[in-house]
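*Asks:* can't give you the sequence, but here's the structure:
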């Protein structure tokens, strides 16, 4: 297990630095986790307030199913409960949360509709279980909330209504996505961030006449 | 031949990582190929579903003219038939396919015209056989399709009508381009991606008054 | 102290190169400082006119509370007085000044209001002392001025009226921010640059209809 | 002299790779030069058609005042005459030419005015001889032309009318700038590219109401 933990830590650190380079987790924002073992349950997660551009493996902590630290010296992310929720309800093996410019913008511009339908893009096929660009993906938007218990409740309610989603937006906050493992979660993150940028830029372009 | 294969693999891997850094092949999207030998025909191509940011030479496979794997352990890209078509019809020695934000957008915004005319840009001179910025380049847009046989047929029909194109867009999917060798294909890709960004951004700017 | 100075120089150089990579300090623009000791007062600051992409530790100088060089061979930044002001009035341990595209633009577009209110973003929580996205942050905009004494006076007056700000914009010039130490100053910089980009891009998106 | 040449080659190669990373010289576009010695006159310049992302020192050639190769095996850039013109008329020690998205766009959008006035930006102070943001900089736009003799003539006429410019745009082609040495030319390039991006983005933002 120690061996696996080290590999996972290394992968998480590499992912984090890559997302930082893209500007998706500036200012110590964002947090990442991966399940290390299911029985006993153990999840590695970034400590709170870390600079993701210089993330180090020993800046992760391990938590149990209640979010209590079982190993490591930092304080787990304040949003650990959302990670544990995705693991429990969506059978996620890894959960990634970013604060990008486009997710922040789209989560606000479409908040009135409670989410955004994304369809017709080849990129959607990279989402687990999707086999055609004609797929219609619902990306829910949840109102941001500093009360973590209430926020987890709102997300859990949404997930029970939309069990097939691959992620969700917190309004003016950022994107949550997950996967069976880190590789799949990374793929989902890149796809959703890409699609949010396409949607955001298309808003301007559609309002102008063709050149 | 083995020596050449290794060099080509190394080049393909470097190209792929570079395109990933630019955000042109996020979420395991995109695929790249290069002809290793003509007789017997052998083409190296990326396996399906690879993270292009950590692409390794041994993640490529070799296929024959029918797309059957002759060497390597992965499954070749699902779009191998499009690569083989460009090799056969356009005498391509290398084929590159990306999913960038701008190609995705432009392929949709101009789909109604079946393509987009690009003219008047100095950058066009980097396309093989073009000697003046006054050149008019037609970049066709093909409707996206999950039926690969039908899609290959549509592209083949287009190529027979427009034999001089340097690439084409699949609607809401991405860009295909090619060259006599990898260096030329890379040049064509960078030029077309650049021009699509210029065209996309100019749409907004043209709709506003000069500052 | 020497040891601390060397660590600080290394950190400042790394920060500077990172900001250069993001395009925030192109063309030798921007300057960075950090307090090395309080008694006697000693601040490390970038020399004037340096290329931030190839910044080296020995290109920093040390100055006293009057901005006079006490160690190092370069000429301190022409804006050293603004750094010393932030140290004195805001108890800053580090001061960062960038010239980004978005800060330049927003500082001009909102100059008529003397600043810009930023509220409702989760990212605001990364600013020291802010605990909710509902926080309302005032980012003042000061008219640019080549008379450094007059400019320092204008900033000092603003700081006495708005002692809780985390930074300010100089019109068509750039962003100043600071923190207790370099890590906090870096966090504040990334957060404010991020929010300025979100605000700038949202201006276009809000003027168009939803897709 | 050999020693100096090697240093200059190394610097040119580093600059070129950095500009490539920013997307300013994609698709083998752009060319860079630096004067190695004045008597006898010798200028190092990039060969034609090079991938700037993998530029190597031995891909430069040396030319004399007529543009004839005196050392090196490649063919000098087709635009060598424009470099020699800037050296002769503007006393340039280094000349840099890029094809960025924003310079391509702005050179077209403002072509009707024959150039663009840039004023009021602190960044202007990084241009040699400019001491205040209130400076008004004229950036001329010359119609693109494949006839190099005619193009050089048009640029020379413009330079005789506007001897104080720090660069110029070729319409739908790109930016030329220069400096006493490579460091100054690099500074001028980054400043002008930055300002063109600010001007381009401000066009959209100004057309919309404040958020």
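*Replies:* Good, I have the coordinates. Just so it is clear, the model here is predicted, and its values are computed rather than measured. Numbers count the residues shown, from 1 in each chain, chains lettered A, B, ... in the order given.

*Asks:* just to confirm, which helix or strand has residue A:103 in it?
*Replies:* Taking DSSP states H and E as the criterion, residue A:103 maps to helix A:101-109.

*Asks:* near chain D at all, that helix?
*Replies:* No: using CB under 8 Å from any CB of the partner chain, helix A:101-109 stays clear of chain D, with a minimum separation of 10.5 Å. Yep, even glycine has a C-beta here, placed from its N, CA and C like the rest.

*Asks:* do the same with stretch A:166-175
*Replies:* No: using CB under 8 Å from any CB, stretch A:166-175 never reaches chain D; the gap is at least 12.8 Å.

*Asks:* could you work out the end-to-end span of that stretch for me?
*Replies:* From its first residue to its last, stretch A:166-175 covers 11 Å (CA to CA, to the nearest Å).

*Asks:* cool, stretch A:169-186 as well?
*Replies:* In stretch A:169-186, first residue to last residue: 16 Å (CA to CA).

*Asks:* what's the helix holding residue A:103 in contact with?
*Replies:* The contact list for helix A:101-109, computed with CB atoms under 8 Å, 6 or more residues apart in numbering or on different chains, reads A:23, A:116, A:141, A:169-175, A:192-193, A:196-197, A:199-200, A:203, C:120-121, C:123, C:194, C:197-198, C:201-202, C:205-206, C:210.

*Asks:* other SSEs contacting the next helix or strand after it?
*Replies:* Heading C-terminal from helix A:101-109, the first helix or strand you meet, by DSSP H and E, is strand A:115-119. Applying 3 or more CB pairs under 8 Å, 6 or more residues apart in numbering or on different chains; DSSP states H and E, one finds that strand A:115-119 contacts strand A:136-142, helix A:182-206.

*Asks:* hmm, try it at 10 Å
*Replies:* Counting contacts by 3 or more CB pairs under 10 Å, 6 or more residues apart in numbering or on different chains; DSSP states H and E, strand A:115-119 packs against helix A:101-109, strand A:136-142, strand A:167-170, helix A:182-206.

*Asks:* tell me which helix or strand the residue nearest to the spatial centre of chain A sits in.
*Replies:* Closest to where the C-alpha atoms of chain A average out (CA atoms, centre = their mean) is residue A:176, at 2.6 Å. Element membership of residue A:176 [criterion: DSSP H and E] is strand A:174-179.

*Asks:* does chain C have contacts with that strand?
*Replies:* Yes: for strand A:174-179 and chain C, the contact criterion (CB under 10 Å from any CB of the partner chain) is met by residue A:174.

*Asks:* which parts of the lowest-mean-pLDDT helix or strand in chain A are buried?
*Replies:* The helix or strand of chain A with the lowest confidence, counting by mean pLDDT, DSSP states H and E, is helix A:2-21 at a mean of 87. Buried residues in helix A:2-21, counted by 16 or more other CB atoms under 10 Å in any protein chain shown: A:5, A:8, A:9, A:11, A:12, A:13, A:14, A:15, A:16, A:18, A:19, A:20.

*Asks:* please apply the same query to stretch A:43-51.
*Replies:* A:43, A:44, A:45, A:46, A:47, A:49, A:50, A:51.

*Asks:* for the fifth one, give its distance to chain B.
*Replies:* Translated: residue A:47. 25 Å (CB to the nearest CB, to the nearest Å).

*Asks:* check the third one too.
*Replies:* In this structure, residue A:45 lies at 22 Å from chain B, with CB to the nearest CB as the measure.

*Asks:* tell me the pLDDT of that residue.
*Replies:* We have a pLDDT of 96 for residue A:45.

*Asks:* let's have the helices and strands packed on strand A:115-119 in a markdown table, adding mean pLDDT.
*Replies:* What follows is these, written out as a markdown table (pLDDT from 0 to 100):
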| stretch | mean pLDDT |
| --- | --- |
| helix A:101-109 | 97 |
| strand A:136-142 | 98 |
| strand A:167-170 | 98 |
| helix A:182-206 | 94 |
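
*Asks:* in JSON lines, list these along with mean neighbour count.
*Replies:* Output for the helices and strands packed on strand A:115-119, formatted as JSON lines (neighbours: other CB atoms under 10 Å in any protein chain shown):
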{"stretch": "helix A:101-109", "mean neighbour count": "24"}
{"stretch": "strand A:136-142", "mean neighbour count": "20"}
{"stretch": "strand A:167-170", "mean neighbour count": "25"}
{"stretch": "helix A:182-206", "mean neighbour count": "23"}
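
*Asks:* any idea how far stretch A:72-85 is from the middle of the chain?
*Replies:* 13 Å (CA atoms, centre = their mean, to the nearest Å).

*Asks:* actually, stretch A:188-205.
*Replies:* Centroid separation for stretch A:188-205 versus its chain: 15 Å, with CA atoms, centre = their mean.

*Asks:* does chain D have contacts with that stretch?
*Replies:* Yes: if you take CB under 10 Å from any CB as the test, stretch A:188-205 does meet chain D, through residue A:204.

*Asks:* that stretch near chain B anywhere?
*Replies:* Yes: residues of stretch A:188-205 contacting chain B under CB under 10 Å from any CB: A:188-195, A:197-202, A:204-205.

*Asks:* how much space between the residue of chain A found nearest chain D and residue A:89?
*Replies:* Chain D sits closest to residue A:204 of chain A, with a gap of 7.0 Å, by CB to the nearest CB. Between residue A:204 and residue A:89 the distance is 36 Å, computed by CB to CB, to the nearest Å.

*Asks:* from residue D:38, how far off is residue A:169?
*Replies:* In terms of CB to CB, residue A:169 sits 61 Å off from residue D:38.

*Asks:* now do the buried residues in the helix or strand where residue A:37 lies.
*Replies:* Element membership for residue A:37, per DSSP H and E: strand A:31-38. Going by neighbour count (16+ other CB under 10 Å), the buried part of strand A:31-38 is A:31, A:32, A:33, A:34, A:35, A:36.

*Asks:* verify the stated contact: the first one with residue A:86.
*Replies:* No: shown here, residue A:31 and residue A:86 do not form a contact pair, counting by CB atoms under 10 Å, at 11.9 Å.

*Asks:* between these two, which contacts overlap?
*Replies:* Common neighbours of residue A:31 and residue A:86, counting by CB atoms under 10 Å, 6 or more residues apart in numbering or on different chains, are A:95, A:96, A:97, A:176.

*Asks:* of these, which is the most crowded?
*Replies:* Counting neighbours by other CB atoms under 10 Å in any protein chain shown, residue A:96 leads these with 31 neighbours.

*Asks:* what packs against the helix or strand encompassing that one?
*Replies:* Per DSSP H and E: residue A:96 is located in strand A:94-98. Counting contacts by 3+ CB pairs under 10 Å, 6+ apart, strand A:94-98 is packed against helix A:2-21, strand A:31-38, strand A:41-46, helix A:80-90, strand A:167-170, strand A:174-179, helix A:182-206.

*Asks:* run through the neighbouring helices and strands of whichever helix or strand comes after the third one.
*Replies:* Moving toward the C-terminus from strand A:41-46, the first helix or strand encountered (DSSP H and E) is strand A:60-63. When contacts are defined as 3+ CB pairs under 10 Å, 6+ apart, strand A:60-63 sits against helix A:2-21, strand A:31-38, strand A:41-46, strand A:69-71, helix A:80-90.

*Asks:* now those as a markdown table including distance to residue A:159?
*Replies:* Listed next are the helices and strands packed on strand A:60-63 as a markdown table, based on distance: least, CB to CB, whole Å:
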| stretch | distance to residue A:159 |
| --- | --- |
| helix A:2-21 | 23 |
| strand A:31-38 | 17 |
| strand A:41-46 | 18 |
| strand A:69-71 | 26 |
| helix A:80-90 | 5 |
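
*Asks:* quick one: closest of the ones you listed to chain C.
*Replies:* Among these, helix A:2-21 comes nearest to chain C, with 8.3 Å by CB to the nearest CB.

*Asks:* which helices and strands sit right next to the closest one?
*Replies:* strand A:31-38, strand A:41-46, strand A:60-63, strand A:94-98, helix A:182-206, helix B:2-21, helix C:2-21.

*Asks:* could you redo the last one with a cut-off of 6 Å?
*Replies:* strand A:31-38 (3 or more CB pairs under 6 Å, 6 or more residues apart in numbering or on different chains; DSSP states H and E).
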